[in-house]
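>>> return a 3D structure for these sequence lines:
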Amino acid sequence: MSMALARCGNGSERREFSNSAASIVVDHGGCAMKGRGGASAWLLLSLLVIVLDQSTKLLALAKLAPYESRAVIDGLLDWTLAFNTGAAFSFLAAADGWQRWLFAALAVGISCALIVWLTRLPRGDWRNAAPLALIIGGALGNLIDRLRLGHVVDFIDVYWGNSHWPAFNIADSAICVGAVMLIVFGLFAGKAADKRG
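The predicted model follows:
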């Protein structure tokens, strides 16, 4: 950990504490706050996603028989317990077991990369931090299933008439919402930069 002391134009002081992962700026008397930090608060959001995901999956396992459906909103939403050994939309689900370790390794690698990205974001950059935290929580929630059970537990069954969306879970929802947020905020940030330019 290192510290740097800077004097602002108005005579006030700014202290910056930093290490290789993050920097924290302590503002005294009107210096602009800049720097990195705050990742731990966003990782609490990831932890919340994991807790919600795992608790709802445990509830589904306790209350539903495999592939049993219970109507929640008739004609739109059921709870249906399903097991997915593949990736999203059952990709590679029919493989002979090696995919469990492939997807586990991918989840670990991607989560580590996203955590590093999160720790390097400027303080206050919630447009990137919130989506990253959701994706990290979702990836780790499904990783727990793969390591513990050998498959991912799905139970949310959205449908219209006879057309069913593939069953999913809270972790999948967090990943999708986070990805959409990154895309949308990225597009708006690009348009805002174009207008300023």
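>>> pretty sure residue 154 contacts residue 167?
Yes: assessed by C-beta atoms under 8 Å, residue 154 is found in contact with residue 167 at 3.8 Å. In this view, the C-beta of every residue, glycine as well, is placed from N, C-alpha and C.
>>> what touches both of the two?
Counting by C-beta atoms under 8 Å, 6 or more residues apart in numbering, the residues touching both residue 154 and residue 167 are 80, 82, 84.
>>> which regions of this structure sit below the pLDDT cut-off?
Screening the chain residue by residue with the criterion pLDDT under 70, one finds the ranges 1-37, 88-90, 93-94, 190-197.
>>> residue 154 and residue 167 - which one has more neighbours?
residue 167 (25 against 22; other C-beta atoms under 10 Å).
>>> need the contact list for that one.
Contacts were defined as C-beta under 8 Å, 6+ apart; by that measure residue 167 touches 80, 82, 84, 154, 155, 156, 157.
>>> out of those, the closest to residue 48 would be?
For residue 48, the closest of those turns out to be residue 156, at 17.9 Å, with distances computed as C-beta to C-beta.
>>> before we move on, which element is residue 70 in?
With elements taken from DSSP states H and E, the one containing residue 70 is strand 69-73.
>>> now do the strands in this protein.
Taking DSSP state E, the strands of the chain run over residues 2-7, 13-18, 23-28, 69-73, 77-84, 152-160, 163-164.
>>> quick revisit: would JSON lines of the contacts of residue 167 with distance to residue 44 be doable?
Output for these, formatted as JSON lines (distance: C-beta to C-beta, whole Å):
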{"residue": "80", "distance to residue 44": "31"}
{"residue": "82", "distance to residue 44": "30"}
{"residue": "84", "distance to residue 44": "28"}
{"residue": "154", "distance to residue 44": "26"}
{"residue": "155", "distance to residue 44": "25"}
{"residue": "156", "distance to residue 44": "24"}
{"residue": "157", "distance to residue 44": "30"}
